[in-house]
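Undergrad: Fold the following.
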Amino acid sequence: MNVPFTVPDSAYPLKDPVHPCPCQFKLYEIEEKPVLIFWKKQAGDHVDKDEIICSGEVEKKTLEFHSPAGGVLVKIFVNDGEEASAGTVLGEIETDEA
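TA: From the prediction side, this is the model:
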């Protein structure tokens, strides 16, 4: 079964252990803002549920996007450096679940 991986409506900023800020623990609303996508995984890579598989930059914030399911990232629809918005399908994860 293939599960779509989309840009969420909101996400947490990238954590900075050296310079922590209260904003790191607050959900950032993406809504209709353009998000610049950067992949941490490639098509064919195994991903775990809730693993960070790509990040997005929006309004000078780096946001972490987590996998909705475990499996193999089989397709990427938005390449590194391309823009997307909330709800855009970034890729598909093939799971073992029926």
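Undergrad: From now on I want contacts and neighbour counts done on CA atoms only, so please keep to that.
TA: OK.
Undergrad: okay, and the helix or strand of this protein with the least pLDDT?
TA: strand 28-29 (a mean of 84; mean pLDDT, DSSP states H and E).
Undergrad: For the helix or strand following it, which helices and strands make contact with it?
TA: Towards the C-terminus, the helix or strand next in line after strand 28-29, according to DSSP states H and E, is strand 35-39. Strand 35-39 sits against strand 52-58, strand 83-84, with contacts defined as 3 or more Cα pairs under 8 Å, 6 or more residues apart in numbering; DSSP states H and E.
Undergrad: name the helices or strands packed onto the least confident helix or strand of the chain?
TA: So strand 28-29, by 3+ Cα pairs under 8 Å, 6+ apart, packs with strand 10-11.
Undergrad: Can you tell me how far the residue sitting nearest the centre point of the chain is from Tyr28?
TA: Nearest to the mean C-alpha position of the chain, by Cα atoms, centre = their mean, lies Phe65 at 2.5 Å. In this view, Phe65 and Tyr28 are 12 Å apart by Cα to Cα, to the nearest Å.
Undergrad: can you pull the buried residues of the strand or helix carrying the residue nearest to the centre of the chain?
TA: Assigned by DSSP H and E, Phe65 falls within strand 61-66. By neighbour count with 16 or more other Cα atoms under 10 Å, strand 61-66 contains the buried residues 62-66.
Undergrad: Likewise for stretch 83-98?
TA: For stretch 83-98, a neighbour-count test (16+ other Cα under 10 Å) marks 83-86, 89-95 as buried.
Undergrad: Just the C-alpha atoms of it, please, in PDB.
TA: Presented in PDB, the C-alpha positions along stretch 83-98 are these (Å, rounded to 0.1, in the frame of the first residue of the first chain):
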ATOM      1  CA  GLU A  83       8.700  25.100  -3.700                       C
ATOM      2  CA  ALA A  84       5.500  23.500  -2.400                       C
ATOM      3  CA  SER A  85       2.600  24.600  -0.200                       C
ATOM      4  CA  ALA A  86       0.500  22.900   2.600                       C
ATOM      5  CA  GLY A  87      -1.200  19.900   1.200                       C
ATOM      6  CA  THR A  88       1.200  19.300  -1.700                       C
ATOM      7  CA  VAL A  89       2.100  15.700  -2.100                       C
ATOM      8  CA  LEU A  90       5.900  15.500  -1.800                       C
ATOM      9  CA  GLY A  91       6.300  11.700  -2.300                       C
ATOM     10  CA  GLU A  92       4.900   8.300  -1.600                       C
ATOM     11  CA  ILE A  93       5.900   5.700   1.000                       C
ATOM     12  CA  GLU A  94       5.300   2.000   0.200                       C
ATOM     13  CA  THR A  95       4.300   0.200   3.400                       C
ATOM     14  CA  ASP A  96       3.800  -3.500   4.300                       C
ATOM     15  CA  GLU A  97       0.400  -2.700   5.700                       C
ATOM     16  CA  ALA A  98      -2.700  -4.000   3.900                       C
END
